[in-house]
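*Asks:* Requesting a structural model of the entry that follows:
(one chain, ligands or ions: 1)
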Amino acid sequence: MNTLIQNLTLDDARKGLLEKKFSARELAESSLSVIKEKDSEIHAFLEVFEDVLLQADRADTAIAAGERGALLGIPLAIKDNILIDGRKASAASKILEGYTASYDATVIGKLKNEGGIFIGRTNMDEFGMGSSTENSAFGPTKNPFDTLRVPGGSSGGSAAAISMGATLAALGTDTGGSVRQPASLCGLVGLKPTYGALSRFGVIALGTSLDQVGLLTKTVADSEILFSILRSHDPLDSTSLPDSFFKKHSITERLSIGIPRDLLGEGIDKEVRRIFEAAVLKFKSLGFTVKEVSLPNARYALSIYYIVLPAEISANLARYDGMRFGVRERGENLLQDYLKTRGLGFGREPRRRIILGTYVLSHGYYDAYYNKATALRELLRKDYENAFREVDILITPTAPTSAFKIGEKTNDPLTMYLEDIFTTPVSLAGIPALSIPGGMTSSNPSLPVGIQLIAPNTREDLLFHVGKLFEKA
Ligand code: GLN
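*Replies:* The predicted structure is shown next:
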């Protein structure tokens, strides 16, 4: 197997290409050979594009002509819910079978402008609902560290694609943890940016008040490179933040870290706890002040999330009616058309959440559930504001467990939802977080465990700064 790509970071690859140590074609061939060797087992990709080498040749011509795109010739993998003009996008759902995107998502346009190469669409939980990539209509993805285990989700295909060595960076989406948790389970760096930092134009919607495009990479430096390429105001996305929000800050020498003890109670795997405590010690030895902080409403986060998100899902997924996109099943009349199309097109988890979402929004229950949840969400947001008056960043484990076995949690949605205990509060507050590799379990096989760094709004710079210090130490 041609393993050139497996030993590189995105930054190495950029330098190597410009210094002509290898060509974009060689890099792309190496990526395809890894996919050929491994993906029949891992199943990170729903589709590997036919024109990868053609794209690489174009990049080589551009490099020879002196062009200098920041990603010129770099192979990238894209989650199947982000639109690339002229290519299929299915959000791993049957209901979108046969749908081809007719325009580029803004983030895709930016990657194209910098000369990035798209190698394929990655597998995911249907529409982003899940924490294991087992909810894909096209079968699960496996964790490259142990193929009996899940890669996490919902961006599990993107994470596995990097982790198995087929690509250097990938886009995912993170609504309640879908980039951070697979990053943790696959030993990668995963960024969930500030809500509104990256454009969502051309991204298939799940929960509109929560969704963000997220970045999966091998290193913090690579995450920073991609973030700086993708971040800018987009008039096509009404929630996109103005550029002035992301000014350059000077970062003080002595930073403080807060540990939200209210979140670190029962239910955390022993090895995860050990690795987390070791990370805290490492931060102390790096000169950080560490103190405990309180997020009194964080214990309600999962309950808030699993009311707010299904409510938004029930609205966002109403558009899949068999008339506008993808699959269409015909019945006796219009209502039957809808029922048949949606009944056959959606998998179990989307159906479960649509039902839950319409219920919490229904006339008799709106106040009891949806309104309560949004009120509590506001309190949670304030908890973070208060915590950030005391400390610069917060840390938690990214997920309560390392990679679990395929099938282990599929029959019990509630235990699956518990995987999101550390990531959903951050998403509800809209603030940015970065999952970085924290260490490996002492089990056999040894599995990666991620540490989540959390910063105030628009302070991705702090996450990158602290992440790099930790990575280097
Ligand atoms: N696991 C969470 C869920 O199932 C997060 C999903 C996501 O971030 N897209 O909703």
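*Asks:* so how many other residues sit close to Phe49?
*Replies:* By other C-beta atoms under 10 Å, the residues close to Phe49 number 18. All C-beta spots, glycine's among them, are computed from the backbone N, C-alpha and C.
*Asks:* For it, give me phi and psi.
*Replies:* Dihedral angles of Phe49 (phi, psi; degrees, to the nearest 10) stand at phi -70, psi 150.
*Asks:* Excluding sequence neighbours, find me the nearest residue to it.
*Replies:* Gly120 (5.4 Å; C-beta to C-beta, 6 or more residues apart in numbering).
*Asks:* got the contact list for that neighbour?
*Replies:* For Gly120, the contacting residues are Ile35, Phe45, Leu46, Glu47, Val48, Phe49, Val52, Ala77, Ile78, Ala161, by C-beta atoms under 8 Å, 6 or more residues apart in numbering.
*Asks:* who's it bridged to?
*Replies:* In this structure, Gly120 bridges to Val48, Ala77 when assessed by DSSP bridges.
*Asks:* Check which residues of the helix or strand containing Ala13 are buried.
*Replies:* Using DSSP states H and E, Ala13 sits in helix 10-18. Neighbour counts over helix 10-18 (16 or more other C-beta atoms under 10 Å) mark Leu10, Asp11, Ala13, Arg14, Gly16, Leu17 as buried.
*Asks:* Tell me the one of the residues you listed nearest Leu171?
*Replies:* Leu10 (12.7 Å; C-beta to C-beta).
*Asks:* any idea how far that closest one is from the ligand?
*Replies:* 23 Å (C-beta to the nearest ligand atom, to the nearest Å).
*Asks:* my read: that residue touches Val220, true?
*Replies:* No: look at Leu10 against Val220 with C-beta atoms under 8 Å: they stay out of range, at 11.4 Å.
*Asks:* Around the ligand, which positions in the stretch 51-200 of the chain sit nearby?
*Replies:* Gly128, Met129, Gly130, Ser131, Ser154, Thr173, Asp174, Thr175, Gly176, Gly177, Ser178 (C-beta under 6 Å from any ligand atom).
*Asks:* Can you give me the pLDDT of the nearest residue to Gly139 once chain neighbours are set aside?
*Replies:* In space, Gly139 comes closest to His43 once its chain neighbours are excluded; the distance is 6.1 Å by C-beta to C-beta, 6+ apart. At His43, the model reports a pLDDT of 98.
*Asks:* distance of His43 from Val203?
*Replies:* Between His43 and Val203 the computed distance is 23 Å (C-beta to C-beta, to the nearest Å).
*Asks:* Toward the C-terminus, what is the element adjacent to the helix or strand of the chain with the lowest mean pLDDT?
*Replies:* Counting by mean pLDDT, DSSP states H and E, the weakest-scoring helix or strand in the chain turns out to be helix 413-418, with a mean of 88. Toward the C-terminal end, the helix or strand that comes next after helix 413-418 (DSSP H and E) is helix 424-429.
*Asks:* Output the next helix or strand after that following helix as PDB - backbone C-alpha positions only.
*Replies:* Beyond helix 424-429 on the C-terminal side, the first helix or strand identified by DSSP H and E is strand 433-440. What follows is strand 433-440 as a C-alpha-only set of coordinates in PDB (Å, rounded to 0.1, in the frame of the first residue of the first chain):
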ATOM      1  CA  ALA A 433     -15.300  23.900  22.000                       C
ATOM      2  CA  LEU A 434     -12.400  21.800  20.900                       C
ATOM      3  CA  SER A 435     -11.800  18.100  21.500                       C
ATOM      4  CA  ILE A 436      -8.200  17.200  21.700                       C
ATOM      5  CA  PRO A 437      -6.600  13.700  22.200                       C
ATOM      6  CA  GLY A 438      -6.100  13.300  25.900                       C
ATOM      7  CA  GLY A 439      -4.600   9.800  26.100                       C
ATOM      8  CA  MET A 440      -5.200   6.100  25.500                       C
END
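*Asks:* Now do strand 433-440: which elements does it pack against?
*Replies:* Other helices and strands packing on strand 433-440, by 3 or more C-beta pairs under 8 Å, 6 or more residues apart in numbering; DSSP states H and E, are helix 180-186, strand 189-192, helix 220-230, helix 270-285, strand 448-454, helix 460-472.
*Asks:* Next, the angle from the fifth one to helix 270-285.
*Replies:* Going back to what we said before, that points to strand 448-454. Orientation of strand 448-454 against helix 270-285 (axes from the mean of the first three to the mean of the last three C-alpha atoms, to 10 degrees) gives an angle of 50 degrees.
*Asks:* Any idea how many residues pack against the residue of the stretch 351-473 of the chain found nearest the ligand?
*Replies:* Proximity of the stretch 351-473 of the chain to the ligand (C-beta to the nearest ligand atom) peaks at Asp420, 4.7 Å away. The local packing of Asp420 (other C-beta under 10 Å) involves 25 other residues.
*Asks:* low-scoring stretches of the stretch 51-200 of the chain, by residue?
*Replies:* Residues of the stretch 51-200 of the chain meeting the criterion pLDDT under 70: none.
*Asks:* how about the strands in it?
*Replies:* Ranges of strands within the stretch 51-200 of the chain are 75-79, 117-122, 169-174, 189-192, based on DSSP state E, counting those that start in this stretch.
*Asks:* Deepest-packed of the ones you listed, please.
*Replies:* Of all the strands of the stretch 51-200 of the chain, strand 189-192 has the most neighbours on average by mean count of other C-beta atoms under 10 Å, namely a mean of 33.
*Asks:* Who are the packing partners of it?
*Replies:* By 3+ C-beta pairs under 8 Å, 6+ apart, strand 189-192 packs against strand 169-174, helix 180-186, strand 212-217, helix 220-230, strand 433-440, helix 460-472.
*Asks:* Sheet partners, orientation included, of it?
*Replies:* Sheet partners by DSSP bridges: for strand 189-192, these are strand 212-217 (antiparallel), strand 433-440 (antiparallel).
*Asks:* residues in contact with the shortest one?
*Replies:* Counting by C-beta under 8 Å, 6+ apart, strand 212-217 makes contact with 9-10, 82, 107, 155, 158-159, 162, 168-175, 178-180, 182-183, 188-195, 197-200, 203, 223, 226-227, 230, 427, all of which sit outside it.
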